[in-house]
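Participant: sequence plus predicted model, see below.
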Amino acid sequence: MIYKETETIAAISTAVTEAGIGIVRMSGDRAVEIADKVYKGKKKLEDCASHTIHYGYVKDGDETIDEVLVMLMKGPRSFTGEDTVEINCHGGVYVVKKVLETLIKYGARPAEPGEFTKRAFLNGRMDLSQAEAVIDIIQSKNEYALKSSLSQLKGNIKNKICDIRNKIIYHTAFIETALDDPEHISVDGYGDTLRVAVDELLSELKELIDSSDNGRVIKEGINTVIVGKPNAGKSSLLNALLGEERAIVTDIAGTTRDVLEENIRLQGISLNIMDTAGIRDTEDIIEKIGVDKAISYAKDADLIIYVIDASVDLDDNDYEILKLLQEKQSIILLNKSDLTMILGKKEIREAYFAGNPAKETFEIPVIEISVKNGKGIKELENVLKEMFYHGNLSFNTEVYITNMRHKKALQDAYDSLCKVIESIDIGMPEDFYSIDLMDAYESLGNITGETLGEDLVNEIFSKFCMGK
């Protein structure tokens, strides 16, 4: 697919703030021509080789705007596939905007959000999954998110989807050809052959769909709620993980009344962590609202971290909290291990079974910690990594689905292939097979952008930043 746009676009590609340098990017048929109108160096850019950098000045007539370095990349060997000029100027807010205004004055138009990447997609420089990886790289919150996005930019999703689509189209083409020429090509017994092939495809799709659980955590982080009774050490734990005094800590029970939200990175993992009000029976109306919020957030969390003051006995409030842990990924922290500990793993096991006698194994990790002296924090980080990333994450061969649009397309393709199996099992005519095979093929094409409508493409790129 070759896209042809007559207009030349320009935008600021770096953050609009005081910085060492700022970059203004321009792309389109007239990029070099417009640049030559404002750039003054030893020679015109149109006479220079592609992929070279040139020193000079940006001028508006006799007025010098800034001293610059200009990078020239002629199409199709550029990000967009078009002639591209990037002007590296000083990074002051005013000067960068002035350079952009000068380019627009001499013939460029302001780029729309994501328009550079959109042109790269439309010009065949990348598929849609790679284009979406660009914005994911920019928005990466942790090491794993960055590695996953870079892997997608290199084409790991594109290659996997294209491989599955090629297998689907092979069988579809065979069936269609046989139906058109039954005298020379027979489909007798082909249902058995197709069933084996579709079962393998279903297995591949299921693996991709299942990877979205890890994928969401990689991209968005783990929605984590810290719960416990008042004065158990919840806010102190948050401060310890943050490395700063973010939450107010006092000896007065019930200090935390509302939910405090922070994003924390531990060993490449992002925790969207919420410190909640201490859970207990209370007559204080405001504190009760905080307790209700804590319970509500805990029910929707990916992970519950239950902080217990191990220097005092459990009470009814603890047993109520333990009920919240029954169906959730949870970690129990026995805090204040620097004091005389009344509670240990044995007592917690017994309390947990009391609320869930049918459970045969005790799967929730229990860690002895002391927020005061930092004991157990490193063990907590290691347990978190093991809980949410089963085995070592590899971004060389494994594919992780981090985009919910991709997951929906994969699920649609999976459902269509399940219909193929149903048609084979009940002995439907072969043309029914090809209908559902093509539905699966089209669904997967939504991921790479081959079968996606223009409106949705525009919506996807509208979420990009202006200069990308």
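Facilitator: Sure, I can see it. Numbers count the residues shown, from 1 in each chain.

Participant: show me what the strand or helix carrying L238 is packed up against.
Facilitator: Element membership for L238, per DSSP states H and E: helix 234-242. For helix 234-242, the packing partners by 3 or more CB pairs under 8 Å, 6 or more residues apart in numbering; DSSP states H and E come out as strand 222-228, strand 260-266, strand 269-275, strand 303-309, strand 329-335. Using the backbone N, CA and C atoms, a C-beta is placed for each residue, glycine as well.

Participant: for I185, see how far away G20 is.
Facilitator: 67 Å (CB to CB, to the nearest Å).

Participant: which SSE is immediately downstream of the helix or strand harbouring A351?
Facilitator: Element membership for A351, per DSSP H and E: helix 345-355. Downstream of helix 345-355, the next assigned helix or strand under DSSP H and E is strand 366-368.

Participant: packing partners for that following strand?
Facilitator: With contacts defined as 3+ CB pairs under 8 Å, 6+ apart, the packing partners of strand 366-368 are strand 329-335, helix 345-355, helix 377-388.

Participant: please redo it, this time with the cut-off set to 6 Å
Facilitator: strand 329-335 (3 or more CB pairs under 6 Å, 6 or more residues apart in numbering; DSSP states H and E).

Participant: may I have the strand it packs on as PDB, with CA atoms only?
Facilitator: C-alpha atoms of strand 329-335 as PDB (Å, rounded to 0.1, in the frame of the first residue of the first chain):
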ATOM      1  CA  GLN A 329      -3.900 -12.800  44.400                       C
ATOM      2  CA  SER A 330      -2.600 -11.800  47.900                       C
ATOM      3  CA  ILE A 331       0.400 -11.400  50.000                       C
ATOM      4  CA  ILE A 332       0.400 -11.300  53.800                       C
ATOM      5  CA  LEU A 333       3.000  -9.200  55.600                       C
ATOM      6  CA  LEU A 334       3.700  -9.900  59.200                       C
ATOM      7  CA  ASN A 335       5.000  -6.400  60.100                       C
END
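
Participant: parallel or antiparallel, list what pairs with that strand.
Facilitator: Strand pairing for strand 329-335, determined by DSSP bridges: strand 303-309 (parallel), strand 366-368 (parallel).

Participant: and the angle from the first one to strand 222-228?
Facilitator: Using axes from the mean of the first three to the mean of the last three CA atoms, to 10 degrees, one finds that strand 303-309 and strand 222-228 are set 20 degrees apart in direction.

Participant: which is the next helix or strand following strand 303-309?
Facilitator: helix 316-324.

Participant: first vs last residue of stretch 416-435, how far apart are they?
Facilitator: Taking CA to CA, to the nearest Å, stretch 416-435 runs 9 Å from one end to the other.

Participant: now swap in stretch 148-159 and tell me
Facilitator: Stretch 148-159 has its terminal residues 15 Å apart, counting by CA to CA.

Participant: and for D313, the neighbour number?
Facilitator: Using other CB atoms under 10 Å, D313 has 10 neighbouring residues.

Participant: got the buried residues for stretch 364-376?
Facilitator: For stretch 364-376, a neighbour-count test (16 or more other CB atoms under 10 Å) marks I364, P365, V366, I367, E368, I369, S370, V371, G376 as buried.

Participant: which of these lies closest to K105?
Facilitator: V371 (59.5 Å; CB to CB).
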